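Colleague: Fold the stuff below for me.
(2 chains)
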2 protein chains.
Amino acid sequence: MNAEIIAVGSELLTPARIDTNSLWLTAKLNGLGVEVIRKTVVGDERNLLAEAAAAALNRAPLLLITGGLGPTEDDVTREAVAQALKRRLLFSEEILKGIEERFRRLGRKMAPNNRRQAFLVEGAMPLPNPHGTAPGQWLDLPGGMIVLLPGPPRELEPMFENHCLPLLRERLPQAFIRTRFFRVAGMGESDLDNRIAPIYKPYGNPVTTILAAEGDVQIHLRARGATEQEAEALAEELGAKILAELGDSVYSTDGTPLEAVVGRAVLARGETVAVAESCTAGLLAARLTEAPGASGWFAGGFVVYGETMKTKLLGLDEALVKQHGVVSEAVAVAMAESARDRTGATYALSITGEAGPEVSTPGMEPGTVWIGLAAPSEASARLYRFPTGRERVRRYAVQTALHLLWRKLKAS
Amino acid sequence: MNAEIIAVGSELLTPARIDTNSLWLTAKLNGLGVEVIRKTVVGDERNLLAEAAAAALNRAPLLLITGGLGPTEDDVTREAVAQALKRRLLFSEEILKGIEERFRRLGRKMAPNNRRQAFLVEGAMPLPNPHGTAPGQWLDLPGGMIVLLPGPPRELEPMFENHCLPLLRERLPQAFIRTRFFRVAGMGESDLDNRIAPIYKPYGNPVTTILAAEGDVQIHLRARGATEQEAEALAEELGAKILAELGDSVYSTDGTPLEAVVGRAVLARGETVAVAESCTAGLLAARLTEAPGASGWFAGGFVVYGETMKTKLLGLDEALVKQHGVVSEAVAVAMAESARDRTGATYALSITGEAGPEVSTPGMEPGTVWIGLAAPSEASARLYRFPTGRERVRRYAVQTALHLLWRKLKAS
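Modeller: You can find the predicted model right below:
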């Protein structure tokens, strides 16, 4: 089944606020096998909301509307939905009593405005709201459903859990969802898609989504089945084919990020990692320590931003730096070796490159980065050219360095 | 003028991802006097997107569509807009050449898929994309405009700034907007609001917005006037009152982030900065070097994550560390002093604390952080307790360290 979500509120159309209720609701709906096909944010305008609600119902049999159930003139959801359905609003003495009771309990006087919250769209079932004054509303329509929910998450979430989920379950055909989530490094989004599109395209179910961030690509599979077994079998079938195609490029099948995968592997071997960073200036160390417990395997390192720091803090040979330049294979290797020596770590990663926009070495392109790795047996470095943009180059370099170490760990 | 924004991408209809481009775009549009009346998120489905685009154009004369310009079959924005407008897609040899050239520069082979990105909706003007392969597209229609923008913020933002803003300004009725943008450190959002609400509340124009991130609060004022002078006078009047109230807490009145304000001040004095980081493990160094040109004033530093590294890399006295514990005033001061000595920098900042969730010192609360500062005349450290959450503690600590150095620079 398909659903749409409309978030109501002029504040959600400003640069300062964003609708996050829909994320929470989407997770709950997906868990029932319901797909969200559109999300809309509209302001506190009755006509615009009525039009949006009517259009949504033409596309999807389930419509959730959040917000706009408050007591003020700006709260137009009740009126707008009545208008969209060409129904009346009916006053409920019972709901009014509940609201008055709530105010009494809190020792406050009910404002006359709150009477507005006692109106129900004709045919609607009220949904109790123990955390606020506005009841939700549930409407069964020929061929569809509308649910009106309050905007504040602390009111919306328990109302949905306790009152909507049971009603939805009664009305939905049984459907089971099973997912797979792979993370891939060392490959761009379109290279990855070129490789796996022939595998996943023939499948309408599972649904395959590819997401990319700097140097990190994620593959999501979501399989539906009439039984748990059917959904699992579909997810497994496509997942196994994709894994077979991608092999070593998949570094995680449970969502664990690369730094944690690396850390887990290093820790399991009782080893440690150190770093020496020039252009990334601490980003790699910060990334390695994002995971709690990093102190078990991460030693520390050096931020050697300027040329002199490379000799001063790491003891690199001044003549070597002068001869090869700071962005060079020789300096990357020497940085890694020195960081390994000085910290006593098992492995050391080094990064030296031109993040841009200015370059320190005349003629060198921004995005040129050498990444070094010193291991017990050997030290070496590789040259990369990352897409430009200062922060992007730095993040690509960090991701690539992690991937380099991960492949080393897998190989040995 | 009214605008609508459509964000395209099935991943934006999952519980894991949210459209944030629309917040950035809304701020830019508001700055031109354009109001956003609806935001829509649709999946990678050509027919649904075509329908959404056509409906949006019926409501608002300006439609921005973000995302869906990539090279894969899933990227349907070009096709959908052509369908909505009943226009053809035309292949552009010139755009293809640009894409091929980009791949050559990066030393990579263009995938055949990328040809898809060289199609323009009939009548569209391409918008250059120096940060990615997909050009944007600008369409002037009878009574309206459609702008197609790439999804990744690093591509969308410069494209909008450099190519859309000028075109929009030409097409919009003259309305004069003047803004003020203050950045504040060392104060929470509600403390700030309590102090300045009595000042800005009486003003409907300028509009005042307060935005908060970890340890950094921003105040935006937007004044509208029938003339430039009128708008400027309003912005100046309220801006001056707020500045007078906040004094030293305002570190930037032109949007410059704190690390760049610090860097500018250090550079102007011909001085340098170094760091020694424990729980932040490189984040402070990475932040200081976010600004291009940081090599002129940032020396480098030490990531001393474990206890042994504090003695090994910084030469701290083992007995001192044992006696006071790694999260202590004495260790913070010693870290800063040693980093200053070993790098030869004018100033050194140190951070040692418990980011959590586990703590290394039994009984110490996560969020406890000592920040040290060694200057030519003296070295000292201050104790902070930040709100919990590992990454939050680390970012608060970095922001606070920067603020500490900034106040030192202002005072001397």
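Colleague: The helix ranked longest in chain A: which residues count as buried?
Modeller: Longest helix of chain A, by residue count under DSSP state H: helix A:390-411. For helix A:390-411, the neighbour count (16 or more other CB atoms under 10 Å in any protein chain shown) marks A:390, A:392-409 as buried. To be clear about C-beta, it is placed using only N, CA and C from the backbone, and glycine gets the same treatment.
Colleague: which residues touch the helix or strand harbouring residue A:191?
Modeller: Assignment of secondary structure by DSSP states H and E places residue A:191 within helix A:189-200. Outside helix A:189-200, the residues that touch it by CB atoms under 8 Å, 6 or more residues apart in numbering or on different chains are A:184, A:187, A:206, A:208, A:210, A:212, A:217, A:219, A:221, A:238, A:241-242, A:245-246, B:70-73, B:111-114.
Colleague: so does the longest helix of chain A get close to chain B?
Modeller: Yes - counting by CB under 8 Å from any CB of the partner chain, chain B has neighbours in helix A:390-411: A:390-392, A:394.
Colleague: Please tabulate these in a markdown table, including the columns distance to residue B:264 and pLDDT.
Modeller: Output for the residues of helix A:390-411 next to chain B, formatted as a markdown table (distance: CB to CB, whole Å; pLDDT from 0 to 100):
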| residue | distance to residue B:264 | pLDDT |
| --- | --- | --- |
| A:390 | 17 | 90 |
| A:391 | 19 | 90 |
| A:392 | 24 | 89 |
| A:394 | 21 | 95 |
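Colleague: Low-confidence bits of chain A, can you list those?
Modeller: Low-confidence segments of chain A (pLDDT under 70): A:214.
Colleague: mind giving me the domain split of it?
Modeller: A:2-171, A:176-252, A:258-411 (automatic domain parsing).
Colleague: Point out the most buried one among those.
Modeller: Across these, averaging neighbours per residue (mean count of other CB atoms under 10 Å in any protein chain shown) puts domain A:258-411 on top, at a mean of 21.
Colleague: Please identify the helix or strand for the closest residue to residue A:225 other than its chain neighbours.
Modeller: What sits nearest to residue A:225 in space, not counting adjacent residues and going by CB to CB, 6 or more residues apart in numbering or on different chains, is residue A:231, at 3.3 Å. Element membership for residue A:231 (DSSP H and E) is helix A:228-246.
Colleague: Residue A:40 now?
Modeller: Going by DSSP H and E, residue A:40 is in strand A:35-42.
Colleague: now the helices: where do they sit in the stretch 101-250 of chain A?
Modeller: Applying DSSP state H, counting those that start in this stretch to the stretch 101-250 of chain A gives helices spanning A:153-159, A:165-171, A:189-200, A:228-246.
Colleague: cool, and the stretch 301-412 of chain A?
Modeller: According to DSSP H, counting those that start in this stretch, the helices that the stretch 301-412 of chain A contains are A:307-312, A:318-324, A:329-343, A:390-411.
Colleague: Contact partners for the closest residue to residue A:182 other than its chain neighbours?
Modeller: Of all residues beyond its chain neighbours, the one nearest residue A:182 is residue A:219 (4.4 Å), with distances taken as CB to CB, 6+ apart. With contact taken as CB under 8 Å, 6+ apart, residue A:219 is in contact with A:180-184, A:192, A:196, A:208-210, A:242.
Colleague: Which residues of the stretch 301-412 of chain A lie near chain B?
Modeller: Residues of the stretch 301-412 of chain A found near chain B (CB under 8 Å from any CB) are A:301-306, A:309, A:312-313, A:342-344, A:356-358, A:360, A:365, A:367, A:385, A:387-392, A:394.
Colleague: Actually, the stretch 1-150 of chain A.
Modeller: A:12-16, A:18, A:20, A:23-24, A:26-27, A:30, A:35-43, A:45, A:48, A:52, A:55, A:59.
Colleague: quick check, residue A:270 in a strand?
Modeller: No - counting by DSSP: H, G, I helix; E, B strand; the rest coil, residue A:270 falls outside a strand, being coil.
Colleague: Ramachandran coordinates for it?
Modeller: phi 70, psi 30 (degrees, to the nearest 10).
Colleague: and what of the one 3 residues further on?
Modeller: Backbone geometry at residue A:273, expressed as degrees, to the nearest 10, gives phi -130, psi 140.
Colleague: For it, which non-adjacent residue is closest in space?
Modeller: residue A:347 (5.0 Å).
Colleague: I'd guessed the one you found sits against residue A:373; true?
Modeller: Yes - at 6.7 Å, residue A:347 and residue A:373 qualify as touching, with contact defined as CB atoms under 8 Å.
Colleague: before we move on, back to that, what packs against the longest helix of chain A?
Modeller: strand A:176-185, helix A:258-268, helix A:283-288, strand A:347-353, strand A:368-374, strand A:379-385 (3 or more CB pairs under 8 Å, 6 or more residues apart in numbering or on different chains; DSSP states H and E).
Colleague: just the CA coordinates of it, formatted as PDB?
Modeller: Taking C-alpha atoms only, helix A:390-411 is exported to PDB below (Å, rounded to 0.1, in the frame of the first residue of the first chain):
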ATOM      1  CA  ARG A 390      38.700  21.700  -0.200                       C
ATOM      2  CA  GLU A 391      36.500  19.800   2.200                       C
ATOM      3  CA  ARG A 392      35.700  17.200  -0.400                       C
ATOM      4  CA  VAL A 393      39.300  16.400  -1.100                       C
ATOM      5  CA  ARG A 394      39.900  16.100   2.600                       C
ATOM      6  CA  ARG A 395      37.000  13.800   3.200                       C
ATOM      7  CA  TYR A 396      37.800  11.600   0.100                       C
ATOM      8  CA  ALA A 397      41.400  11.400   1.400                       C
ATOM      9  CA  VAL A 398      40.200  10.200   4.800                       C
ATOM     10  CA  GLN A 399      37.800   7.600   3.400                       C
ATOM     11  CA  THR A 400      40.500   6.300   1.000                       C
ATOM     12  CA  ALA A 401      43.100   6.000   3.700                       C
ATOM     13  CA  LEU A 402      40.700   4.000   5.800                       C
ATOM     14  CA  HIS A 403      39.900   1.800   2.800                       C
ATOM     15  CA  LEU A 404      43.600   1.300   2.200                       C
ATOM     16  CA  LEU A 405      44.200   0.100   5.700                       C
ATOM     17  CA  TRP A 406      41.100  -2.100   5.600                       C
ATOM     18  CA  ARG A 407      42.300  -3.900   2.400                       C
ATOM     19  CA  LYS A 408      45.700  -4.400   4.000                       C
ATOM     20  CA  LEU A 409      44.100  -6.000   7.100                       C
ATOM     21  CA  LYS A 410      42.000  -8.200   4.900                       C
ATOM     22  CA  ALA A 411      44.900  -9.300   2.800                       C
END
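Colleague: Let me know the angle separating that helix from strand A:368-374.
Modeller: Using axes from the mean of the first three to the mean of the last three CA atoms, to 10 degrees, the inter-axis angle of helix A:390-411 relative to strand A:368-374 is 30 degrees.
Colleague: now helix A:390-411, how far from the chain's geometric center?
Modeller: 21 Å (CA atoms, centre = their mean, to the nearest Å).
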